[in-house]
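A.B. asks: what would the 3D arrangement of this be:
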Amino acid sequence: MKTLTIKADCYKIYLLVFLGMLTAFAPFVTDMYLPALPSMAQRFGTTASMVQLSLTSCMVGLAVGQLLFGPMSDRYGRKPVLLWTLVSFIISTLLCLLSTDIRLLVTFRLFQGIAAAGSIVIARSISTDMFTGRELAGILAIVGSINGIAPVLAPVMGGSLAESGSWEGIFVILLLIGILLLSACFFFHETLPVERRVPSNLLRLPLYFVPLLKNRPYTGYMLQLGFAQAALFANIASAPFIMQQHYGFTPFEFSICFGMNALAIVISAALASRFRYIENGTLLGSIGLLLFSICEAVALFADCKFPVYEGFMLGILFSLGLCFTSSTTLAMDKGRESSGSASALLGAVSFAFGGLVSPLVGIGNPLRTTGIVFVVCAVSSLACVYMAGGRWIKHIH
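C.D. replies: Have a look, this model is predicted:
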(Lines give C-alpha, C1' and ligand atoms only; values in the text may rest on other atoms or scores of the structure.)
Protein backbone atom coordinates (compact mmCIF):
# COMPACT_ATOMS: atom_id res chain seq x y z
CA MET A 1 0.00 0.00 0.00
CA LYS A 2 2.83 2.35 0.92
CA THR A 3 4.58 1.52 -2.37
CA LEU A 4 1.44 2.44 -4.32
CA THR A 5 1.22 5.77 -2.49
CA ILE A 6 4.84 6.59 -3.28
CA LYS A 7 4.28 5.70 -6.93
CA ALA A 8 1.16 7.90 -7.03
CA ASP A 9 3.05 10.82 -5.48
CA CYS A 10 5.94 10.40 -7.92
CA TYR A 11 3.55 10.29 -10.86
CA LYS A 12 1.79 13.46 -9.67
CA ILE A 13 5.14 15.28 -9.46
CA TYR A 14 6.04 13.99 -12.93
CA LEU A 15 2.64 15.11 -14.26
CA LEU A 16 2.98 18.63 -12.86
CA VAL A 17 6.47 19.04 -14.31
CA PHE A 18 5.37 17.50 -17.61
CA LEU A 19 2.33 19.80 -17.91
CA GLY A 20 4.51 22.79 -17.03
CA MET A 21 7.00 21.86 -19.76
CA LEU A 22 4.21 21.38 -22.32
CA THR A 23 2.71 24.80 -21.61
CA ALA A 24 6.23 26.26 -21.70
CA PHE A 25 6.29 25.58 -25.43
CA ALA A 26 4.73 28.98 -26.12
CA PRO A 27 7.36 31.14 -24.35
CA PHE A 28 10.24 29.02 -25.65
CA VAL A 29 8.99 29.09 -29.24
CA THR A 30 8.19 32.84 -29.14
CA ASP A 31 10.62 34.32 -26.58
CA MET A 32 13.90 32.49 -27.13
CA TYR A 33 14.82 34.19 -30.38
CA LEU A 34 13.61 37.70 -29.40
CA PRO A 35 17.13 38.96 -28.56
CA ALA A 36 18.25 37.88 -32.05
CA LEU A 37 15.51 39.74 -33.98
CA PRO A 38 17.55 42.90 -34.74
CA SER A 39 20.62 40.89 -35.77
CA MET A 40 18.46 38.50 -37.84
CA ALA A 41 17.12 41.47 -39.79
CA GLN A 42 20.71 42.33 -40.74
CA ARG A 43 21.66 38.70 -41.35
CA PHE A 44 18.79 38.07 -43.79
CA GLY A 45 19.09 41.56 -45.28
CA THR A 46 15.47 42.45 -44.51
CA THR A 47 13.35 44.86 -42.46
CA ALA A 48 12.39 44.66 -38.78
CA SER A 49 8.75 44.24 -39.78
CA MET A 50 9.59 41.24 -41.96
CA VAL A 51 11.51 39.55 -39.16
CA GLN A 52 8.60 40.27 -36.77
CA LEU A 53 6.41 38.49 -39.34
CA SER A 54 8.17 35.24 -38.41
CA LEU A 55 6.90 35.83 -34.86
CA THR A 56 3.41 36.54 -36.21
CA SER A 57 3.36 33.42 -38.40
CA CYS A 58 4.35 31.31 -35.40
CA MET A 59 1.53 32.77 -33.31
CA VAL A 60 -0.96 32.24 -36.14
CA GLY A 61 0.20 28.61 -36.16
CA LEU A 62 -0.25 28.39 -32.40
CA ALA A 63 -3.82 29.68 -32.83
CA VAL A 64 -4.81 27.49 -35.80
CA GLY A 65 -3.19 24.37 -34.36
CA GLN A 66 -5.17 24.61 -31.14
CA LEU A 67 -8.47 24.81 -33.05
CA LEU A 68 -7.49 21.59 -34.80
CA PHE A 69 -5.88 19.54 -32.03
CA GLY A 70 -8.28 20.42 -29.19
CA PRO A 71 -11.31 18.73 -30.81
CA MET A 72 -9.08 15.94 -32.14
CA SER A 73 -7.99 15.15 -28.56
CA ASP A 74 -11.67 15.04 -27.51
CA ARG A 75 -12.22 12.48 -30.28
CA TYR A 76 -9.06 10.32 -30.18
CA GLY A 77 -7.69 10.94 -26.68
CA ARG A 78 -4.91 13.16 -25.34
CA LYS A 79 -1.85 10.91 -25.72
CA PRO A 80 -2.06 9.91 -29.43
CA VAL A 81 -2.55 13.51 -30.55
CA LEU A 82 0.22 14.71 -28.25
CA LEU A 83 2.70 12.18 -29.68
CA TRP A 84 1.85 13.16 -33.25
CA THR A 85 2.25 16.89 -32.60
CA LEU A 86 5.61 16.44 -30.86
CA VAL A 87 6.98 14.51 -33.84
CA SER A 88 5.67 17.26 -36.15
CA PHE A 89 7.34 19.91 -33.98
CA ILE A 90 10.72 18.18 -34.26
CA ILE A 91 10.45 18.01 -38.07
CA SER A 92 9.34 21.65 -38.47
CA THR A 93 12.12 22.86 -36.15
CA LEU A 94 14.67 21.05 -38.32
CA LEU A 95 13.28 22.88 -41.36
CA CYS A 96 13.54 26.24 -39.55
CA LEU A 97 17.14 25.42 -38.72
CA LEU A 98 17.93 24.79 -42.38
CA SER A 99 16.24 27.98 -43.66
CA THR A 100 18.44 30.24 -45.79
CA ASP A 101 15.79 32.81 -46.71
CA ILE A 102 13.50 34.89 -44.45
CA ARG A 103 10.42 33.78 -46.41
CA LEU A 104 11.26 30.14 -45.80
CA LEU A 105 11.77 30.85 -42.11
CA VAL A 106 8.40 32.62 -41.89
CA THR A 107 6.73 29.62 -43.57
CA PHE A 108 8.38 26.97 -41.42
CA ARG A 109 7.68 29.01 -38.28
CA LEU A 110 4.00 28.74 -39.17
CA PHE A 111 4.25 24.93 -39.19
CA GLN A 112 6.33 24.99 -36.02
CA GLY A 113 3.62 27.02 -34.28
CA ILE A 114 0.89 24.63 -35.47
CA ALA A 115 2.81 21.65 -34.08
CA ALA A 116 3.62 23.36 -30.76
CA ALA A 117 -0.06 24.23 -30.33
CA GLY A 118 -0.91 20.59 -29.71
CA SER A 119 1.17 20.47 -26.53
CA ILE A 120 -0.32 23.68 -25.15
CA VAL A 121 -3.97 22.85 -25.77
CA ILE A 122 -3.66 19.26 -24.55
CA ALA A 123 -1.88 20.34 -21.33
CA ARG A 124 -4.91 22.49 -20.39
CA SER A 125 -7.29 19.65 -21.33
CA ILE A 126 -5.39 17.16 -19.16
CA SER A 127 -5.66 19.53 -16.17
CA THR A 128 -9.40 19.91 -16.70
CA ASP A 129 -9.84 16.13 -17.10
CA MET A 130 -8.37 15.56 -13.65
CA PHE A 131 -9.30 18.59 -11.51
CA THR A 132 -12.18 21.02 -10.82
CA GLY A 133 -12.85 24.44 -9.22
CA ARG A 134 -10.27 25.77 -6.78
CA GLU A 135 -8.20 22.59 -7.13
CA LEU A 136 -8.01 23.27 -10.87
CA ALA A 137 -6.95 26.85 -10.13
CA GLY A 138 -4.27 25.57 -7.77
CA ILE A 139 -2.94 23.09 -10.33
CA LEU A 140 -2.93 25.74 -13.06
CA ALA A 141 -1.07 28.09 -10.71
CA ILE A 142 1.56 25.41 -9.95
CA VAL A 143 1.90 24.57 -13.63
CA GLY A 144 2.04 28.29 -14.39
CA SER A 145 4.86 28.75 -11.89
CA ILE A 146 6.83 25.90 -13.46
CA ASN A 147 6.01 27.32 -16.85
CA GLY A 148 7.13 30.73 -15.59
CA ILE A 149 10.72 29.54 -15.61
CA ALA A 150 10.54 29.38 -19.42
CA PRO A 151 10.04 33.13 -20.02
CA VAL A 152 13.05 33.75 -17.76
CA LEU A 153 15.35 31.13 -19.27
CA ALA A 154 14.29 31.44 -22.92
CA PRO A 155 15.43 35.02 -23.62
CA VAL A 156 18.57 34.60 -21.50
CA MET A 157 19.57 31.52 -23.50
CA GLY A 158 18.59 33.28 -26.72
CA GLY A 159 20.53 36.38 -25.72
CA SER A 160 23.68 34.36 -25.08
CA LEU A 161 23.41 32.74 -28.50
CA ALA A 162 22.52 36.04 -30.22
CA GLU A 163 25.57 37.67 -28.62
CA SER A 164 27.73 35.09 -30.40
CA GLY A 165 25.86 35.74 -33.65
CA SER A 166 24.34 32.25 -33.82
CA TRP A 167 20.57 32.40 -34.32
CA GLU A 168 20.72 28.79 -35.55
CA GLY A 169 21.74 27.68 -32.06
CA ILE A 170 18.35 28.87 -30.80
CA PHE A 171 16.56 26.36 -33.00
CA VAL A 172 18.96 23.61 -31.95
CA ILE A 173 17.82 24.17 -28.35
CA LEU A 174 14.16 24.04 -29.45
CA LEU A 175 14.89 20.79 -31.29
CA LEU A 176 16.39 19.25 -28.14
CA ILE A 177 13.37 20.37 -26.07
CA GLY A 178 11.05 18.66 -28.55
CA ILE A 179 13.03 15.42 -28.35
CA LEU A 180 13.04 15.57 -24.52
CA LEU A 181 9.26 16.05 -24.34
CA LEU A 182 8.65 13.26 -26.84
CA SER A 183 10.67 10.92 -24.61
CA ALA A 184 8.79 12.06 -21.49
CA CYS A 185 5.44 11.57 -23.21
CA PHE A 186 5.81 7.79 -23.17
CA PHE A 187 5.40 7.78 -19.35
CA PHE A 188 2.11 9.70 -19.56
CA HIS A 189 -1.16 7.84 -18.85
CA GLU A 190 -4.24 8.74 -20.91
CA THR A 191 -6.69 10.98 -18.95
CA LEU A 192 -9.68 10.79 -21.30
CA PRO A 193 -11.33 7.34 -21.17
CA VAL A 194 -12.94 5.97 -24.33
CA GLU A 195 -16.45 6.33 -22.89
CA ARG A 196 -15.96 10.10 -22.42
CA ARG A 197 -14.65 10.75 -25.93
CA VAL A 198 -16.73 12.64 -28.48
CA PRO A 199 -17.81 10.32 -31.33
CA SER A 200 -17.99 12.67 -34.29
CA ASN A 201 -16.84 13.47 -37.80
CA LEU A 202 -13.73 15.66 -37.83
CA LEU A 203 -15.08 17.40 -40.93
CA ARG A 204 -17.63 19.00 -38.62
CA LEU A 205 -14.98 20.46 -36.29
CA PRO A 206 -16.28 24.08 -36.54
CA LEU A 207 -19.64 22.97 -35.13
CA TYR A 208 -17.96 21.93 -31.87
CA PHE A 209 -17.34 25.58 -31.03
CA VAL A 210 -20.91 26.85 -31.52
CA PRO A 211 -22.20 25.88 -28.01
CA LEU A 212 -19.11 27.46 -26.44
CA LEU A 213 -19.59 30.72 -28.34
CA LYS A 214 -23.21 30.81 -27.12
CA ASN A 215 -21.96 30.44 -23.55
CA ARG A 216 -21.66 34.09 -22.48
CA PRO A 217 -19.46 33.63 -19.38
CA TYR A 218 -17.06 31.38 -21.30
CA THR A 219 -16.93 33.81 -24.24
CA GLY A 220 -16.34 36.78 -21.94
CA TYR A 221 -13.41 35.16 -20.15
CA MET A 222 -12.04 33.84 -23.45
CA LEU A 223 -12.02 37.33 -25.01
CA GLN A 224 -10.63 38.89 -21.83
CA LEU A 225 -7.73 36.45 -21.93
CA GLY A 226 -7.28 37.19 -25.63
CA PHE A 227 -6.87 40.93 -25.05
CA ALA A 228 -4.57 40.28 -22.09
CA GLN A 229 -2.41 38.03 -24.29
CA ALA A 230 -2.43 40.73 -26.98
CA ALA A 231 -0.94 43.17 -24.46
CA LEU A 232 1.72 40.60 -23.56
CA PHE A 233 2.66 40.01 -27.19
CA ALA A 234 2.76 43.75 -27.85
CA ASN A 235 5.51 43.80 -25.22
CA ILE A 236 7.20 40.69 -26.66
CA ALA A 237 7.32 42.16 -30.18
CA SER A 238 8.31 45.71 -29.21
CA ALA A 239 10.71 45.14 -26.30
CA PRO A 240 13.73 43.96 -28.37
CA PHE A 241 13.65 47.12 -30.50
CA ILE A 242 12.75 49.54 -27.69
CA MET A 243 15.42 48.21 -25.32
CA GLN A 244 18.18 47.55 -27.85
CA GLN A 245 17.72 50.31 -30.41
CA HIS A 246 16.16 53.07 -28.29
CA TYR A 247 17.79 52.47 -24.90
CA GLY A 248 21.02 50.95 -26.25
CA PHE A 249 20.95 47.53 -24.54
CA THR A 250 23.08 44.69 -25.90
CA PRO A 251 21.22 41.47 -26.83
CA PHE A 252 22.44 39.79 -23.62
CA GLU A 253 21.50 42.77 -21.42
CA PHE A 254 18.07 42.80 -23.01
CA SER A 255 17.62 39.06 -22.44
CA ILE A 256 18.48 39.39 -18.73
CA CYS A 257 16.04 42.29 -18.25
CA PHE A 258 13.29 40.63 -20.28
CA GLY A 259 13.72 37.38 -18.38
CA MET A 260 13.57 39.09 -14.99
CA ASN A 261 10.39 40.90 -16.06
CA ALA A 262 8.75 37.51 -16.57
CA LEU A 263 9.06 36.91 -12.82
CA ALA A 264 6.30 39.50 -12.30
CA ILE A 265 3.94 37.23 -14.23
CA VAL A 266 5.12 34.13 -12.33
CA ILE A 267 4.53 35.73 -8.91
CA SER A 268 1.11 37.17 -9.71
CA ALA A 269 -0.03 33.96 -11.46
CA ALA A 270 0.74 32.06 -8.25
CA LEU A 271 -1.09 34.67 -6.13
CA ALA A 272 -4.21 34.51 -8.31
CA SER A 273 -5.21 31.10 -6.94
CA ARG A 274 -5.30 32.52 -3.40
CA PHE A 275 -8.31 34.74 -4.03
CA ARG A 276 -11.41 33.58 -2.14
CA TYR A 277 -13.36 34.21 -5.33
CA ILE A 278 -11.35 33.35 -8.45
CA GLU A 279 -13.31 35.95 -10.45
CA ASN A 280 -11.71 38.73 -8.44
CA GLY A 281 -8.29 37.92 -9.87
CA THR A 282 -9.57 38.64 -13.37
CA LEU A 283 -11.28 41.87 -12.29
CA LEU A 284 -8.33 43.27 -10.33
CA GLY A 285 -5.90 42.20 -13.03
CA SER A 286 -7.93 44.01 -15.71
CA ILE A 287 -8.21 47.18 -13.63
CA GLY A 288 -4.47 47.13 -12.92
CA LEU A 289 -3.72 46.52 -16.60
CA LEU A 290 -5.75 49.59 -17.59
CA LEU A 291 -4.14 51.90 -15.02
CA PHE A 292 -0.56 50.84 -15.74
CA SER A 293 -1.15 50.85 -19.51
CA ILE A 294 -2.32 54.47 -19.42
CA CYS A 295 0.73 55.43 -17.36
CA GLU A 296 3.06 53.53 -19.72
CA ALA A 297 1.50 55.14 -22.81
CA VAL A 298 1.95 58.64 -21.37
CA ALA A 299 5.56 57.83 -20.43
CA LEU A 300 6.38 56.46 -23.89
CA PHE A 301 4.84 59.47 -25.64
CA ALA A 302 7.02 61.67 -23.40
CA ASP A 303 10.14 59.68 -24.38
CA CYS A 304 10.72 58.66 -20.77
CA LYS A 305 13.90 57.31 -19.20
CA PHE A 306 14.32 53.55 -19.01
CA PRO A 307 13.56 53.18 -15.24
CA VAL A 308 10.15 54.81 -15.80
CA TYR A 309 9.38 52.55 -18.77
CA GLU A 310 10.51 49.50 -16.79
CA GLY A 311 8.53 50.40 -13.66
CA PHE A 312 5.21 50.69 -15.47
CA MET A 313 5.99 47.59 -17.51
CA LEU A 314 6.40 45.54 -14.32
CA GLY A 315 2.95 46.76 -13.24
CA ILE A 316 1.47 45.70 -16.57
CA LEU A 317 3.07 42.24 -16.39
CA PHE A 318 1.99 41.72 -12.77
CA SER A 319 -1.60 42.56 -13.74
CA LEU A 320 -1.43 40.17 -16.69
CA GLY A 321 -0.32 37.32 -14.44
CA LEU A 322 -3.47 37.73 -12.33
CA CYS A 323 -5.61 37.57 -15.47
CA PHE A 324 -3.89 34.56 -17.00
CA THR A 325 -4.50 32.12 -14.12
CA SER A 326 -7.97 33.41 -13.15
CA SER A 327 -9.44 33.75 -16.64
CA THR A 328 -8.04 30.41 -17.82
CA THR A 329 -9.53 28.65 -14.78
CA LEU A 330 -12.93 30.32 -15.18
CA ALA A 331 -13.15 29.75 -18.92
CA MET A 332 -12.14 26.08 -18.68
CA ASP A 333 -14.61 25.55 -15.84
CA LYS A 334 -17.44 27.03 -17.94
CA GLY A 335 -16.49 24.84 -20.93
CA ARG A 336 -15.86 21.64 -18.98
CA GLU A 337 -18.28 19.47 -21.03
CA SER A 338 -15.96 19.70 -24.07
CA SER A 339 -12.68 20.65 -22.46
CA GLY A 340 -10.56 19.93 -25.53
CA SER A 341 -12.61 22.28 -27.71
CA ALA A 342 -12.82 24.85 -24.90
CA SER A 343 -9.05 24.77 -24.46
CA ALA A 344 -8.57 24.99 -28.23
CA LEU A 345 -10.76 28.05 -28.65
CA LEU A 346 -9.24 29.72 -25.61
CA GLY A 347 -5.69 29.26 -26.87
CA ALA A 348 -6.54 30.06 -30.48
CA VAL A 349 -8.11 33.41 -29.62
CA SER A 350 -5.19 34.30 -27.33
CA PHE A 351 -2.52 33.66 -29.96
CA ALA A 352 -4.61 35.11 -32.78
CA PHE A 353 -4.95 38.38 -30.88
CA GLY A 354 -1.22 38.28 -30.11
CA GLY A 355 -0.43 37.65 -33.77
CA LEU A 356 -2.53 40.63 -34.83
CA VAL A 357 -0.81 43.15 -32.56
CA SER A 358 2.80 41.97 -33.09
CA PRO A 359 3.31 43.66 -36.49
CA LEU A 360 1.34 46.75 -35.36
CA VAL A 361 3.93 47.81 -32.79
CA GLY A 362 6.53 48.04 -35.58
CA ILE A 363 4.54 50.70 -37.46
CA GLY A 364 5.77 54.29 -37.19
CA ASN A 365 7.31 55.29 -33.86
CA PRO A 366 7.42 52.00 -31.88
CA LEU A 367 7.27 53.81 -28.53
CA ARG A 368 4.00 55.58 -29.30
CA THR A 369 2.44 52.68 -31.19
CA THR A 370 3.21 50.30 -28.32
CA GLY A 371 1.65 52.67 -25.80
CA ILE A 372 -1.54 52.95 -27.87
CA VAL A 373 -1.80 49.15 -28.28
CA PHE A 374 -1.42 48.65 -24.50
CA VAL A 375 -4.31 51.03 -23.75
CA VAL A 376 -6.63 49.58 -26.41
CA CYS A 377 -6.00 46.06 -25.13
CA ALA A 378 -6.55 47.10 -21.51
CA VAL A 379 -9.87 48.87 -22.20
CA SER A 380 -11.12 45.89 -24.23
CA SER A 381 -9.97 43.47 -21.51
CA LEU A 382 -11.96 45.24 -18.79
CA ALA A 383 -15.05 45.45 -21.03
CA CYS A 384 -14.92 41.65 -21.52
CA VAL A 385 -14.83 41.09 -17.75
CA TYR A 386 -18.18 42.85 -17.49
CA MET A 387 -19.43 40.91 -20.52
CA ALA A 388 -18.76 37.66 -18.64
CA GLY A 389 -21.18 38.81 -15.90
CA GLY A 390 -20.80 41.37 -13.13
CA ARG A 391 -22.79 39.84 -10.27
CA TRP A 392 -19.68 38.69 -8.43
CA ILE A 393 -18.13 42.18 -8.31
CA LYS A 394 -19.81 42.73 -4.91
CA HIS A 395 -17.40 40.11 -3.47
CA ILE A 396 -14.59 42.67 -3.77
CA HIS A 397 -16.11 44.79 -1.01
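
A.B. asks: going forward, measure contacts and count neighbours with C-alpha atoms only.
C.D. replies: Noted.

A.B. asks: just the element for the closest residue to residue 184 other than its chain neighbours, please.
C.D. replies: Spatial nearest neighbour of residue 184, excluding adjacent residues (Cα to Cα, 6 or more residues apart in numbering): residue 18 at 7.5 Å. Using DSSP states H and E, residue 18 maps to helix 2-23.

A.B. asks: separation between residue 299 and residue 55?
C.D. replies: 26 Å (Cα to Cα, to the nearest Å).

A.B. asks: more neighbours: those two, which one.
C.D. replies: Neighbour totals were compared for residue 299 and residue 55, and residue 55 leads with 29 against 19 (other Cα atoms under 10 Å).

A.B. asks: how about the more buried one, what does it touch?
C.D. replies: Contacts here follow Cα atoms under 8 Å, 6 or more residues apart in numbering; on that basis residue 55 touches 30, 106, 109, 237, 355, 358.

A.B. asks: now, which of these sits nearest residue 387?
C.D. replies: Nearest to residue 387 among the contacts of residue 55, counting by Cα to Cα, is residue 355 at 23.4 Å.

A.B. asks: from what I can see the closest one touches residue 60, true?
C.D. replies: Yes - using Cα atoms under 8 Å, residue 355 is in contact with residue 60, at 5.9 Å.

A.B. asks: quick one: low-confidence residue ranges for the stretch 251-397 of the chain.
C.D. replies: Low-confidence segments of the stretch 251-397 of the chain, defined by pLDDT under 70: 273, 337-340, 390-397.

A.B. asks: helices of that one, residue ranges please.
C.D. replies: 251-272, 278-301, 306-334, 339-357, 366-388 (DSSP state H, counting those that start in this stretch).

A.B. asks: same thing with the stretch 51-200 of the chain?
C.D. replies: So, for the stretch 51-200 of the chain - with DSSP H, counting those that start in this stretch - the helices run 78-97, 102-130, 133-147, 149-163, 168-185.

A.B. asks: which other helices and strands does whichever helix or strand comes after the last one contact?
C.D. replies: Downstream of helix 168-185, the next assigned helix or strand under DSSP H and E is helix 210-213. The helices and strands touching helix 210-213, judged by 3 or more Cα pairs under 8 Å, 6 or more residues apart in numbering; DSSP states H and E, are helix 216-241.

A.B. asks: show me what the helix it packs on is packed up against.
C.D. replies: Using 3+ Cα pairs under 8 Å, 6+ apart as the test, helix 216-241 ends up in contact with helix 37-43, helix 210-213, helix 306-334, helix 339-357, helix 366-388.
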